[in-house]
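[1] Sharing a model prediction with you, sequence too.
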Amino acid sequence: MSQYQAEIILVGVIVAIACALPGVFLVLRRMALMSDAITHTVLLGIVIAFFVVEDLSSPLLIAGAAVVGLGTVWLVEAVHRTRLVAEDAAIGLTFPLLFSIAIILISRYAGDVHLDTDAVLLGEIALAPQRRFIVSGWDLGPQAAWMMGTILVVNLVFIRTFFKELKLTTFDPALAAALGFSPVVVHYALMGLVSVTAVGAFDAVGSILVVALMVGPPATGYLMTNDLRRMMMYSAGMATLAAISGYWVAHFLDVSIAGSMAGAVGLFFTVVLVFAPERGIVAVARRHTRQRWEFAQTMLTGHLLNHEGTPEETHESRVDHIEHVLGWAPAFRDGVISRAERDGLIVQVDRTLRLTPTGHTHAAKVLIPAAGGTRLEP
Amino acid sequence: MTEPRQDADPGGLAIDVEDLTVAYGEAPVLWDVDLQVPQGVLCAIVGPNGAGKSTLIKSILGLVTPAAGRILIEGRPYDDVRLMVGYVPQRGSVDWDFPTTVLDVVMMGRYGTLGWFRRPGRNERRLSMQALEQVGMDHLSSRHISELSGGQQQRVFIARALVQDAQVYLMDEPLQGVDAQTEKAIIELLRDFRAKGKTVICVHHDLQTVPEYFEWVMLLNVKRIASGPVGEVFTDENLRLTYGGGLAAAAPGRRDTAEGII
């Protein structure tokens, strides 16, 4: 691995983590689409700030972008507040408008500067190491790594400092407001952070990858845990993994790096969606199957218990009779019986079933909850 | 923010609302509402859907900006007494799939006392575990909140109100959708509050249990129909004024209960 490659990967990883952290709160606030809007409309802020300072490397461009990012959030909410359109539609109305104004301004007035729309959408991370950060003759590495590194640190410090406030305003905004933590202030601070992150990141990797990194890893982390801190760590881990593996896929297939990284995000999400320990599709399906067998066993023991010691007991406990009373297909019936035998709930003598002491307790627990069933109420 | 508990006027009004009007757009949600609730009572707010019950609570908490009116809590504006006021929102108002645990939600009740920046620590954890014990949920403290039943969710909210250690509680339907056992347990806790001189104001839907659970009541339908001791104002006439003609079914049952209590 050459130093050039290492630097591309470094930039990718920093961008990925910087995007994933605020993305966690976007996803939890059901505002994932807002990242899509902001990553596009910040272009308008950059264009306007560029007209003012006429310097593409001025930090004022980031300030301009942040202002327009916040303006986008405000405008979306203003449109939504009219109660004439839903929030997703308000986003869909607002951001193309601001984005198209930016595109028109670029094509009309900035045709001869390096501000082209392809670079904005797709970025070119492969070129990131070319712009060096040089201080009095010392080459300190790619500019993008320093800028995104700074943004990453700002994001980390903000989230660590206001973790409790972010959590409360996301989970229960009404209580937050009543306790004096203004949800509006926290909301706009977070959106400002998203805007600044988006501007810094899309210069390196393009706005589409920014959206992928803000939404994908947090959505993946959400499936993996029930704890907010862990969700943030898993999101950062997933983002890192996607950046590294995406780079190597692009390297060996000779395709777009940003495209491969975004693809890796999608792939990891799909894998976790299928195989996540508790919420994954496989886990849920297995749980349902297991519950179906367990419930059937409970029904069987319940049936046997109900007729225990009655004159019909011999008749009701016959294997051939079971399928009629419980409405089971013979194959399913045999499955349930063999499982119940294996679990020591029943014994089978001469095609007639009998409860074991364990099966007896099991059935009684379900039929008579007060007798020690799993009850949570005191 | 001040620490006003010591100088709260004893025997005064916990809640004093005057001429409160709230409007969303042109339609008034609350119209010239007055409400005086003395300290140390359990007070129910009843009224049909859309009567403005939740809006009244949110106005008292400063979550809704009124078009007109004056609201005092323990004789002071809300901003001065924020820490003396506990709030239990409607259970359905939060996302129960949020990645957090039972204990963590209860600890949120301490955030107001902590203020900005400071993080919850051992003390907050201890108080929250105590509160969970009081509502019979300590064995579920590390459970994820999506695993709770409706009644357990409501108990978590009550535990969170407990750790707020407030003087005045505003609760939006704390008994909504809970089983009979949880309802009894919650009412017992509210009576504990009252025994300690705290005031509890609940939006309540079950008219039959009003006389049994509460001694103060407000009947609301955009305007205040009546408010005062249950025995004086919880009358058929006032209920008819509040709910219109549709109350025939509820009234007899209510009277039966009422006779047993009053």
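    Good, I have the coordinates.

[2] any chance you could map the strands in the stretch 1-150 of chain A?
    Secondary structure of the stretch 1-150 of chain A by DSSP state E, counting those that start in this stretch: the strands cover A:132-135, A:138-142.

[3] Could I get the phi/psi values of whichever residue of the stretch 51-200 of chain A sits closest to chain B?
    The stretch 51-200 of chain A approaches chain B most closely through A:L179 (3.6 Å), counting by CB to the nearest CB. Bear in mind the C-beta positions are built from the backbone N, C-alpha and C, glycine included. Backbone torsions of A:L179, given as degrees, to the nearest 10, read phi -80, psi 0.

[4] how about the nearest residue to it, chain neighbours excluded?
    Counting by CB to CB, 6 or more residues apart in numbering or on different chains, B:G112 is the residue found nearest to A:L179 once chain neighbours are left out, at 3.6 Å.

[5] distance of the one you found from B:V105?
    Separation of B:G112 from B:V105 (CB to CB, to the nearest Å) stands at 14 Å.

[6] likewise B:V37?
    In terms of CB to CB, B:V37 sits 28 Å off from B:V105.

[7] near chain B, which residues of chain A?
    A:28, A:161-165, A:167-168, A:170-172, A:174-181, A:222, A:225-228, A:230-231, A:376-378 (CB under 8 Å from any CB of the partner chain).

[8] mind checking the SS state of whatever residue of the stretch 151-262 of chain B ends up closest to chain A?
    Among the residues of the stretch 151-262 of chain B, B:Q181 lies closest to chain A, at 5.4 Å counting by CB to the nearest CB. Assigned by DSSP: H, G, I helix; E, B strand; the rest coil, the conformation of B:Q181 is helix.

[9] where does it land on pLDDT?
    With respect to pLDDT, B:Q181 scores 87.

[10] okay, now it: neighbour count?
    By other CB atoms under 10 Å in any protein chain shown, 12 other residues sit near B:Q181.

[11] now swap in B:W116 and tell me
    B:W116: 11 surrounding residues under other CB under 10 Å.

[12] what's the closest non-adjacent residue to it?
    Nearest non-adjacent residue to B:W116, counting by CB to CB, 6+ apart: A:E165, 6.8 Å away.

[13] re earlier: my guess is the residue nearest to A:L179 contacts B:R82. True?
    Yes: the pair B:G112 / B:R82 is scored as a contact, 6.6 Å apart, by CB atoms under 8 Å.

[14] Of these two, which one has the most company?
    Shown here are B:G112 and B:R82; by other CB under 10 Å, B:G112 has more neighbours (23 against 19).

[15] Now do the same for that one: helix, strand or coil?
    What three-state DSSP gives for B:G112 is helix.

[16] which residue ranges form the strands in the stretch 251-378 of chain A?
    Taking DSSP E, counting those that start in this stretch as the test, the strands found in the stretch 251-378 of chain A are A:346-349, A:352-355.

[17] can I get the ones you listed in CSV with mean pLDDT, mean neighbour count and distance to A:V265?
    Putting the strands of the stretch 251-378 of chain A into CSV (pLDDT from 0 to 100; neighbours: other CB atoms under 10 Å in any protein chain shown; distance: least, CB to CB, whole Å) gives the following:
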stretch, mean pLDDT, mean neighbour count, distance to A:V265
strand A:346-349, 84, 15, 50
strand A:352-355, 83, 19, 53
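
[18] Any chance of these in CSV with distance to A:L305 as columns?
    Below are these laid out as CSV (distance: least, CB to CB, whole Å):
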stretch, distance to A:L305
strand A:346-349, 11
strand A:352-355, 6
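
[19] Nearest to A:P311, out of those?
    With respect to A:P311, and counting by CB to CB, the nearest of these is strand A:352-355 at 14.7 Å.

[20] list residues touching both of B:G112 and B:R82?
    Common neighbours of B:G112 and B:R82, using CB atoms under 8 Å, 6 or more residues apart in numbering or on different chains, are A:A178, A:L179, A:G180.

[21] Let me have the residues you listed in CSV, adding pLDDT as columns.
    Shown next, in CSV, are the shared contacts of B:G112 and B:R82 (pLDDT from 0 to 100):
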residue, pLDDT
A:A178, 91
A:L179, 91
A:G180, 89
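
[22] Can you tell me which of the residues you listed is nearest B:E173?
    Closest to B:E173, out of all of the shared contacts of B:G112 and B:R82 and judged by CB to CB, is A:A178, at 16.1 Å.

[23] Please list all residues in contact with that closest one.
    Counting by CB under 8 Å, 6+ apart, A:A178 has contacts B:L61, B:G62, B:L63, B:R82, B:V85, B:Y87, B:G112.

[24] change it to 7 Å
    By CB atoms under 7 Å, 6 or more residues apart in numbering or on different chains, A:A178 lies in contact with B:L61, B:L63, B:Y87.

[25] Remind me which helix or strand the last one belongs to.
    Take DSSP states H and E as the rule and B:Y87 turns out to sit in strand B:85-88.

[26] Wait, B:Y243 touches B:G50, no?
    No: contact status for B:Y243 versus B:G50: not in contact, 11.8 Å apart, counting by CB atoms under 7 Å.

[27] the more surrounded of these two?
    Taking other CB under 10 Å, B:Y243 and B:G50 do not tie; B:Y243 has more neighbours (20 against 12).

[28] where's the more buried one relative to B:A51, distance?
    9 Å.

[29] Ok, A:P142 next?
    When A:P142 is compared with B:A51 (using CB to CB), they lie 62 Å apart.

[30] Kindly report the same for A:V67.
    Between A:V67 and B:A51 the distance is 43 Å, computed by CB to CB.

[31] More neighbours: which of these two?
    More crowded of A:V67 and B:A51, by other CB under 10 Å: B:A51, with 22 against 17.

[32] Return the set of residues that bridge with the nearest residue to the more buried one once chain neighbours are set aside.
    Once flanking residues are discounted, B:A51 sits nearest to B:N221: 4.5 Å by CB to CB, 6+ apart. For B:N221, the beta-bridge partners under DSSP bridges are B:K223.

[33] How about the contacts made by B:N221?
    B:N221 touches B:G47, B:P48, B:A51, B:T242, counting by CB under 7 Å, 6+ apart.
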